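**Q** Show me the folded form of this:
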Amino acid sequence: MKARFILLATGLIFLTNLSFAESEHHSPYAGEQHRSIKSLSAADIADLKAGAGWGLAKSAELNGVPGPLHLLEMRDEISLSESQVMQITDVFNQMRSSAKLLGAQLIDQESILDERFSNDIPETVELRALLNKIGTIRTELRFVHLSAHLKMPEILSEDQIDTYNRIRGYTSTDPCKNVPEGHDESMWRKHNGCG
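**A** Numbering: from 1, shown residues only. Reported below is the predicted structural model:
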């Protein structure tokens, strides 16, 4: 009886350790091996084909330099004039056109890289050449998006930029110093972890 118990306990420990080892090494990429291009999701490919921002202009956006698409979407809240709308639309259309071309090139190059790894591992020299092409295209794509943001302060007033950043949620107000009107100050400070 005691031998059976020891055998059962040993088996359970082994299975527990095996299960733990498998979960410890389970890749967060599991499932992505079925993608048509392993390094790009379906959403990535759709964004690149559409000339969407793909998060490449965050350096501008999150530092208070507005983007043309969101400005056009918020034209009424920001009180854009017709002249401003026309200028921003022109910048946006140029950006989108260039981004679509570069996005298609990036998809093509990522597809080539993926194909090389799936068919036969590339040599170091070939790999470097492929990555240099991808890097150059990605740099150009990022430049297209960021440079569109750079043109916005020339078109907008400071008040419009401030309004944009407030609406987008980028104002850096300290909740401990700015208790909204109508809120109990002590409860507000408690709920926001203020000292």
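**Q** Need phi/psi at Gly64.
**A** Dihedral pair for Gly64: phi 90, psi 10, per degrees, to the nearest 10.
**Q** Now it. Nearest residue, chain neighbours left out?
**A** In this structure, Gly64 finds its nearest non-sequential neighbour in Asn165, 5.3 Å apart by C-beta to C-beta, 6 or more residues apart in numbering. Quick note: C-beta positions are derived from backbone N, CA and C, even for glycine.
**Q** got it, and Lys100?
**A** Using C-beta to C-beta, 6+ apart, the closest residue to Lys100 is Gly51 (3.9 Å).
**Q** Name the residues of stretch 63-71 that come out as buried.
**A** Residues of stretch 63-71 classed as buried by neighbour count (16 or more other C-beta atoms under 10 Å): 64-71.
**Q** In strands, which of the residues you listed fall?
**A** Of the positions in those, not one sits in strands, assigned by DSSP state E.
**Q** Distance from the chain centre to stretch 123-143, please.
**A** When C-alpha coordinates are averaged (C-alpha atoms, centre = their mean, to the nearest Å), stretch 123-143 and its chain have centres 20 Å apart.
**Q** how about it: buried residues?
**A** Neighbour-count burial for stretch 123-143 [16+ other C-beta under 10 Å]: 130, 133-134, 137-138, 141-142.
**Q** Just want to check the distance between the residue positioned nearest the centre of the chain and Ala43.
**A** With distances taken as C-alpha atoms, centre = their mean, the residue of the chain nearest its centroid is Gly55 (4.0 Å). Distance of Gly55 to Ala43, computed by C-beta to C-beta, to the nearest Å: 11 Å.
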